[in-house]
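>>> Predicted model follows, preceded by the sequence.
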Amino acid sequence: MRIGVLASNPDLYSNQRIMEAGTERGHRMTFLNIRQCYMKLDAAEPEVHYRDGRILNHLDAIIPRIRPSQTFYGCALTRHFESMGVFALNGSQAISQSRDKLYSLQLLQEGGLNIPISGFANSPIDTNELIEMVGGAPLIVKLLEGTQGRGVVLAETRKAAESVINAFKSLKANLLVQEFIREAEGKDLRLFVVDGKVIAAIQREAAPGEFRANIHQGGTASVVKILPEERRLAIKAAKVLGLKVAGVDIIRSKKGPLLLEVNSSPGLEGIESATRKDVAGSMILSIEKALKWKPGAAVAPDLD
């Protein structure tokens, strides 16, 4: 098959591994820089053009790996490929709603999934009410468009919470206020879901003096045995958001597992290194199943 990896950085570990995994299974893999793709909207003959002159109308599938800053154009591009009959491992609608932290939490809540108590408001006047809503300080303040632990602040006192919330609001930033789960002790779980199955799981632990367990913030990863209820929570979260591939972040609390976030472009380096599992290969296998491709089939020619 002809499979395009729709992303920004060809040197990123995750993108390289996906390219390698697809090539090893006999597919023609092409890295497509989102910024170098152009769309032709035409009811009779829609097209996607690439900066080097190629017309990308003969792809069988794409794997969107869209960074947050490119969500709008990346999702528009994914949607255009879908309209042309190209299979997307994660669809444009699923990516869009997973990227909106508020909307995704509303969908997860509607699906009956346990999440940390969260508050959202549009006016600085509501700051005190927001703080009370989540049980007071300490609390977490999250920018809705943040990722990889960036845009997440721990406010340890009420005064600090008021200052952080009002500072963000003065910048016209959309933010969530969320209860702080002290008993988690700077640890969370990342469960990697593909086609409704948890194929790998790690525990992430924050660096000393840090509360964010993200690998990009200096956290460390280790293999962990997950509980059945954690597995069910991750699988249902991916299903609620319509994601075939998802990195589901869960925190252990006194109330049981709580769903922190669902990532539509989860990184592979931490989880593959810790578990020694071929997560990238599982993603390629998912495409093969969806398109009923069988090993040994003829290798697709290069794109024109």
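Happy to help now that I have it.
>>> Tell me, how many residues neighbour Ile251?
18 (other C-beta atoms under 10 Å). C-beta: built from backbone N, CA, C; applies to glycine.
>>> what sits up against the helix or strand hosting it?
In this structure, Ile251 is located in strand 245-253 according to DSSP states H and E. With contact meaning C-beta atoms under 8 Å, 6 or more residues apart in numbering, strand 245-253 is reached by 89-90, 98, 116, 181, 183-184, 187-194, 230, 233-234, 237-238, 257-264, 266-267, 271, 283, 286.
>>> Let me see the backbone angles for the residue in the chain sticking out farthest from the centre.
Distance from the centre of the chain peaks at Ala44, with 33.9 Å (C-alpha atoms, centre = their mean). For Ala44, the backbone dihedrals (degrees, to the nearest 10) come out as phi -80, psi -40.
>>> residues in contact with the spatially most central residue of the chain?
Nearest residue to the geometric centre of the chain (C-alpha atoms, centre = their mean): Asn263, 1.9 Å. Residues near Asn263 by C-beta under 8 Å, 6+ apart: Ser98, Thr147, Ala246, Gly247, Val248, Asp249.
>>> likewise Pro116?
Here Pro116 is in contact with Val134, Ile140, Gln178, Glu179, Ile181, Ile251, Ser253, Leu258, Leu260 (C-beta under 8 Å, 6+ apart).
>>> picking that back up, ok, now how distant is the residue nearest to the centre of the chain from Gly85?
Remark: distance between Asn263 and Gly85 (C-beta to C-beta, to the nearest Å) = 27 Å.
>>> likewise Asp188?
Where Gly85 is concerned, Asp188 sits at a distance of 39 Å (C-beta to C-beta).
>>> who has more neighbours, the two?
Taking other C-beta under 10 Å, Asp188 and Gly85 do not tie; Asp188 has more neighbours (22 against 10).
>>> Now do Ser170: how many residues are near it, please.
9.
>>> Report pLDDT for it.
Looking at Ser170, its pLDDT stands at 78.
>>> Give me the mean pLDDT for stretch 291-304.
pLDDT averaged over stretch 291-304 gives 68.
>>> related to what we said a few turns ago, from the contacts of strand 245-253, list the buried ones, please.
89-90, 98, 116, 181, 184, 187-194, 230, 233-234, 237-238, 257-264, 266-267, 271, 283, 286 (16 or more other C-beta atoms under 10 Å).
>>> if I look at the residue nearest to Met29 when sequence neighbours are not counted, how far off is Pro116?
Among residues not flanking Met29 along the chain, Gly22 sits closest, at 4.2 Å (C-beta to C-beta, 6 or more residues apart in numbering). As defined by C-beta to C-beta, Gly22 lies at a distance of 37 Å from Pro116.
>>> who's in contact with Cys37?
So Cys37 contacts Leu6, Val48, His49, Tyr50, Arg51, Leu56, Leu77 (C-beta under 8 Å, 6+ apart).
>>> Repeat the analysis, applying 7 Å as the threshold.
By C-beta atoms under 7 Å, 6 or more residues apart in numbering, the contact set of Cys37 is Val48, Tyr50, Leu77.
>>> Of those residues, which is the most crowded?
Taking other C-beta under 10 Å as the neighbour criterion, Leu77 ranks highest of those with 24 neighbours.
>>> Where does Met19 sit: helix, strand or coil?
Going by DSSP: H, G, I helix; E, B strand; the rest coil, the secondary structure assigned to Met19 is helix.
>>> average model confidence for stretch 46-64?
Stretch 46-64 comes out at a mean pLDDT of 95.
>>> which SSE is Lys236 in?
helix 228-241.
>>> State the helix or strand in which Ala200 lies.
Per DSSP H and E: strand 197-205 holds Ala200.
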